[in-house]
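> The following comprises the amino acid sequence and a computationally predicted model.
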Amino acid sequence: MKKRIVAVMMAVLMGISAFAGCGKGNSSDQAKGTNQEGNKEPETVKWLLFGTEPEDHDMVMEELNKLLVEKINVKLDLEWIAESEYETRVKLAVSSGEDFDLLWVSNWMNQFNEYVAEEALMPLNDLIEEYGQGIDETLEDWVLNFGTVGDTIYAIPCLQILANQRCVMVQKDLVEKYNLDTSPVEDYRDLEGILEIIKQNEPDIIPMRANVKPEVTHYESLVAAEIWISMTDSSATPIEDDSVTWEAAKLKREWFDKGYIREDVATITDDSGDAKAGRYAVMTEAYKPGIEAAMADAYGIECVAIPIGNPYVSATAGQATMIAMNVNSERPEAAMKLFNCVYTDEEVFNMLLFGIENVHYKKVADNRAEFVENTKYSMSSKAWEIGNQFLAWYIPGQADGTWEETDQMNKNSIVSPLQGFIFDSTGVQAELAQIAAVITEYENYMYTAEDLEKTHKEYFEKLKTAGRDTVLEELKKQIEEWKAGK
Amino acid sequence: MKEKKRIRKKGFLDNVQLISLALPAVVLLAIFSYWPMFGIVLAFKDYKASKGIWGSPWAKLKNFEFFFRSQDLTRILRNTLVLNFLFIIVGIVCAVLFALVMFEVKKASHVKAYQTVAILPSFLSWIAVGYIVYALLEPTKGILNRIIEAFGAEGISWYTEASYWPVILLIVSLWKSVGLGSIIYYAALMGVDNDLSEAAKIDGANKLQQTWYVSIPQIIPVIMIRFIMSVGGIFRSDFGLFYNVTRNIGALYSTTDVIDTYVYRALMVQGNIGMSSAVSVFQSVVCLITLLVTNGIVRKVSPDNSLF
Amino acid sequence: MKKSRETQKRKQEKTSLPVHIFFLLFGLICLIPFITVVSASFSSELDLARYGFRVLPKKWDLTAYKYLFENPKMVLNAYGVTIFITVVGTVFGVLFMAMVAFCLARSSMKLKSVLTFYIYFPTLFSGGLTASYIINTQYLNLTNSLAALVAPGLINIFNVFMIRTFLKQQPASLFEAAKIDGASEYAIFFRIALPLAKPVLATVAFLTALDKWNEWYNSMLYIRDNDKITLQHMLQRMMNNINVLMENMDNIPMGVNLADIPGENLRMAMLIVSIGPMMCFFPFFQKYFTKGMTVGAIKG
């Protein structure tokens, strides 16, 4: 009898909860602001970005909105969310049907692919045509393509450095002390001379920081399943075997055995302290104009950069920073107008970055500004997240012409044989999840394995069981389709 | 006749009063625990943001695939069950023993001091504990290896040998939780009828016998409840312990990879609401089964102590 | 008469030596790691990288603490919010939990079974974050409200059962006697059950306070004003933001001056800042553990 009561109670409660959960949620069936007249109340577009909210945020927003209403009759409600909380908050905002319009996505945080698979992003093709002409003009087709899956544009890349080139930073003191050869090299192996010298003569310094990925000098990763393609392969054929990973593992193991890489590489989790303490002779970084100054700034250590290989624009390069629109946005036209304005209007963009003139910054030249001391608003370091970096004013430390240089680098680099192709991973989610688990498991196998070859084979066996072949087949199929369509 | 009627009415009134006392908790649970349960449906849906939770198509059991088809399924299930069971049993035993020994400390100020120090580890976050364990077990500079080497033996490479880790994790887990865990048993011991222990003493029972025959039976109810409820969570692990202390090192997975760490790893890069929800539903269902079985067993053996 | 002599005799009993040794040793293995954490918080990051964790800092360095208290207003706000929700959460939490535990202990078979299952069930099944978020933001309008930090976790099911079990163990005659004297259940609850259960209530109160004090997740989800976030949330944010930036150096142009940001020592300082106060609270609860039982008095 009491079991029955309990069961009924449960059923009722579940029923109530199911009923209550319906209804309000994700369908915006209220038609809002569809009047056609031009002089209507400005709509407010809500934009979610990650960063720390500056003290004078409200002040600047007020000024900015005056400007925006004047120009496009739209207001901006910008919410800065802490970096570490961004992904969680935005995902919840999407799944709970919160009212917001623009968000930031990429291929390394707040995964673009995930949102596409969940159909969470608004298709932008028509919107760009009607309200985003500025964006269309600024971005070349191949750049706009980074946010495209199939024929639909889901996200717009923010313009910044796209070309990727590895380099190593060698501590300047050591370069001078041992007269090291810092001319550009083709391959990581060419650095062994330097590493050996350091190993022999500097017992307290670790020659090489372990974050080295030898694969990326000549190969591009197509999907996180150890599937690579050669940068110079115009036939765009994915490499199916494990040769790329094997070569890289061998190199790392060799260096580990020779003592170039620290012994406890497999167990440490955070070596930034060591990096700052100057315990590494050589560190790998992403090469771009002005890197030596940036490094000195960030780590406080003077270094000399040795570029490796050539600058390369991968098939997903532009996915590093993109802006997308909520599929359930209630004011897509206004949102696109706003983003277009931020993307192309120098005044608006720079007010967003620098704040109010003479309150937060001083204009030094037409294209240059300096922040006031103890300024309460300085978001210039966010330019790459918000729009067209090249439109931003220069700040002290950036040489005039840096943007042009970067732009040139983008245009003149070797381009991926697969440029224009974006993999749609919706159908292989389960496999990718299992593969991800295996990859993390074998993260440091090249250092800890007793028998490297055996463990390597084990690794790929597990990848296979996890579904690597399925992913490979799907990838090949999509590439063939894309090639045929060109 | 009238007497009986009066007493019965009182009975009813009692129930009303009791129910009213329970009301705040019941309402809070209804709002914050039961109402959200509709979210369980996500485990069975192919969630599409454009269609919302209810509009999304049914995925039936597709979201469970990545988990059940995983080649590591046996490993993570085994590790989760075995390790959790071990932790529960040893944890309760040690906490009870700790409380009993603490009870032997007679001076109040001593008890205060010892207790305060004993609960210090529970304040540390798992990240901090991870560092401390690392300082001990680090292959070259770790304290433990230095001691071993001082005795002439060869240092052990702790972080590559999976077989040591069940014990290591057990010790770490105990160290962190025994202080705080023993408090509840200590409080229960405080409720032990002193007259009974005095009577036993007078009858000639020694300390051990007093403990076994008087103190422990008094706290069995608390122990049993803790046990049953812990078993009810046996398919869920303390993520912090398994992730931070092991530093997520792959070589140790064979004995330290549990459901929660596996799911975290798999869904970290390309996550999916449906998939994580599916695992949670799975854990809930098996926990429910385990709980009912355990509760049933306890009810047969000693009906007073079962949960329901 | 006899009783007081007995109690006197018990008071003069001495703790045996092995017991002392045990606790001293255990105390040591609890204390040393803790002191190491404290000393790490007072070291500079470079020293930590070079010399590792030690019992005493190589050189006293306040960088981590300076960084934490750089914006004192923010820290004070966080402390204020956290203290508030801890006090409110503990008072109401313990009260409501004790009330329902009392009901469970005292009620008739029928009600007891149903209620027990009702209370226990949520520990097994959870609707997940999304569902809770939808309810809390859209139906209950808890966004940016301190209630979001207090209400959701107020009823801890483990604790409810602890109190219930404790109460069940008390001689039923205590309650029955009051009943016969015509007392209402409320009176029995407030005048008999609560005082009786002091040790277990103190334990539950401490655990609840600890829990509320460490609250950060709900703060992250629901609080939008920076001056309303909890202490632990503020600390987590500081640390994790740095991590996110550092892990993704490849992708982000160097907009961050890493040399300024402390690392390990900051983490340790955060720990000390957040648990320090809780440790000071503990003795306050402790006195309820060591106070003698009053069963005899009531009986007599």
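Here it is on my side, so go on.
> What's the local residue count around the residue lying closest to residue A:276 once chain neighbours are set aside?
Excluding its sequence neighbours, the residue lying closest to residue A:276 (Cβ to Cβ, 6 or more residues apart in numbering or on different chains) is residue A:299, at 5.7 Å. Placement of C-beta: from N, CA and C, glycine included. By other Cβ atoms under 10 Å in any protein chain shown, 21 other residues sit near residue A:299.
> Do I have it right that residue A:299 meets residue A:275?
Yes. Under the criterion of Cβ atoms under 8 Å, residue A:299 makes contact with residue A:275 at 6.4 Å.
> Pull the number of nearby residues for residue 154.
Let's take chain A. Using other Cβ under 10 Å, the number of residues around residue A:154 comes to 24.
> I was after chain B.
8.
> And it, how close does it get to residue B:148?
Distance, residue B:154 to residue B:148, by Cβ to Cβ, to the nearest Å: 7 Å.
> How about residue C:146?
Shown here: residue C:146 relative to residue B:148, a distance of 52 Å by Cβ to Cβ.
> neighbour-wise, which of those two wins?
Between residue C:146 and residue B:148, residue C:146 has the larger neighbour count (other Cβ under 10 Å), namely 18 against 14.
> what's the closest non-adjacent residue to the residue nearest the centre of chain C?
Closest residue to the average C-alpha location of chain C: residue C:210 at 1.1 Å, with Cα atoms, centre = their mean. Leaving aside its sequence neighbours, residue C:210 sits nearest to residue C:278 (Cβ to Cβ, 6+ apart; 5.9 Å).
> Contact residues of the stretch 201-308 of chain B facing chain C?
Within the stretch 201-308 of chain B, the positions adjacent to chain C are B:218, B:221-222, B:225-226, B:229, B:232-233, B:273, B:276-277, B:280, B:284, B:287-288, B:291, B:307-308 by Cβ under 8 Å from any Cβ of the partner chain.
> how does it look with 10 Å?
B:207, B:218-226, B:228-230, B:232-233, B:235-236, B:273, B:276-277, B:280-281, B:283-292, B:295, B:304-308 (Cβ under 10 Å from any Cβ of the partner chain).
> Tell me the secondary structure of the closest residue to chain C within the stretch 1-150 of chain B, please.
Closest contact between the stretch 1-150 of chain B and chain C, by Cβ to the nearest Cβ, is at residue B:39 (2.7 Å). What DSSP: H, G, I helix; E, B strand; the rest coil gives for residue B:39 is helix.
> Could you give me the buried positions within the helix or strand where residue B:201 lies?
Assigned by DSSP states H and E, residue B:201 falls within helix B:194-202. Within helix B:194-202, the residues scored as buried using 16 or more other Cβ atoms under 10 Å in any protein chain shown are B:194, B:197, B:200.
> low-confidence ranges in the stretch 151-300 of chain C?
Along the stretch 151-300 of chain C, segments meeting pLDDT under 70 span C:242-262, C:289-300.
> residue ranges of the helices in it, please?
C:157-169, C:172-180, C:185-187, C:194-196, C:198-213, C:217-222, C:231-247, C:264-290, C:295-299 (DSSP state H, counting those that start in this stretch).
> Just put the ones you listed in TSV and tack on distance to residue A:433.
Formatted as TSV, the helices of the stretch 151-300 of chain C follow (distance: least, Cβ to Cβ, whole Å):
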stretch	distance to residue A:433
helix C:157-169	32
helix C:172-180	55
helix C:185-187	53
helix C:194-196	51
helix C:198-213	32
helix C:217-222	24
helix C:231-247	21
helix C:264-290	30
helix C:295-299	57
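> List the contacts of the residue nearest to residue C:210.
The contact partners of residue C:278, by Cβ atoms under 10 Å, 6 or more residues apart in numbering or on different chains, come to B:119, B:123, C:86, C:206, C:209, C:210, C:213, C:214.
> ok, which pair from the residues you listed is furthest apart?
B:119 and C:86 (17.1 Å; Cβ to Cβ).
> chain center to the helix holding residue B:201, what's the gap?
Between the centre of helix B:194-202 and the centre of its host chain there is 34 Å, according to Cα atoms, centre = their mean, to the nearest Å.
> What's the first helix or strand after that helix?
Past helix B:194-202, the next helix or strand by DSSP H and E is helix B:207-210.
> Using CSV, write out the CA atom coordinates for that following helix.
The C-alpha coordinates for helix B:207-210 follow below in CSV (Å, rounded to 0.1, in the frame of the first residue of the first chain):
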residue,chain,number,x,y,z
LYS,B,207,37.9,-0.8,28.1
LEU,B,208,37.7,-3.0,25.1
GLN,B,209,34.6,-4.8,26.2
GLN,B,210,33.0,-1.5,27.2
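> which residues are in contact with stretch C:141-150?
Counting by Cβ under 10 Å, 6+ apart, A:98, C:81-82, C:84-90, C:92-93, C:133, C:135-137, C:140, C:151-152, C:212, C:215-219, C:221-225, C:228-230, C:233 sit against stretch C:141-150.
> do stretch A:426-445 and chain C meet at all?
No. With Cβ under 10 Å from any Cβ as the criterion, chain C is not reached by stretch A:426-445; the gap is at least 13.8 Å.
> now stretch A:359-367
No. Stretch A:359-367 lies out of reach of chain C by Cβ under 10 Å from any Cβ, never closer than 16.1 Å.
> Show me what that stretch is in contact with.
A:54-56, A:59-60, A:63, A:346, A:350-351, A:353-355, A:357, A:368-372, A:375-380, A:391-396, A:400, A:403.
> same thing with stretch A:63-75?
Outside of stretch A:63-75, the residues within contact range by Cβ under 10 Å, 6+ apart are A:38-46, A:56, A:61, A:76-78, A:131, A:331, A:333-342, A:345, A:347-348, A:351-352, A:355-357, A:359.
> which ones are touching residue C:153?
By Cβ under 10 Å, 6+ apart, the contact set of residue C:153 is B:28, B:32, B:33, C:89, C:93, C:208, C:211, C:212, C:215, C:217, C:218.
> Go ahead and confirm residue C:229 touches residue C:217.
No. Between residue C:229 and residue C:217 there is no contact under Cβ atoms under 10 Å: 11.5 Å.
> Neighbour count: these two, which is higher?
More neighbours surround residue C:229 than the other of residue C:229 and residue C:217, with 26 against 17 (other Cβ under 10 Å).
> If the residue of chain B found nearest chain A is in a bridge, with which residues?
Distance from chain A to each residue of chain B (Cβ to the nearest Cβ) is smallest for residue B:52, at 2.8 Å. Assessed by DSSP bridges, residue B:52 has beta-bridge partners residue B:48.
> Now do residue C:21: how many residues are near it, please.
Other residues near residue C:21 come to 10 when the count uses other Cβ under 10 Å.
> For the host helix or strand of it, which residues meet the burial criterion?
Per DSSP H and E: residue C:21 is located in helix C:17-41. Buried residues in helix C:17-41, counted by 16+ other Cβ under 10 Å: C:19, C:22-23, C:26-27, C:30, C:33-34, C:36-41.
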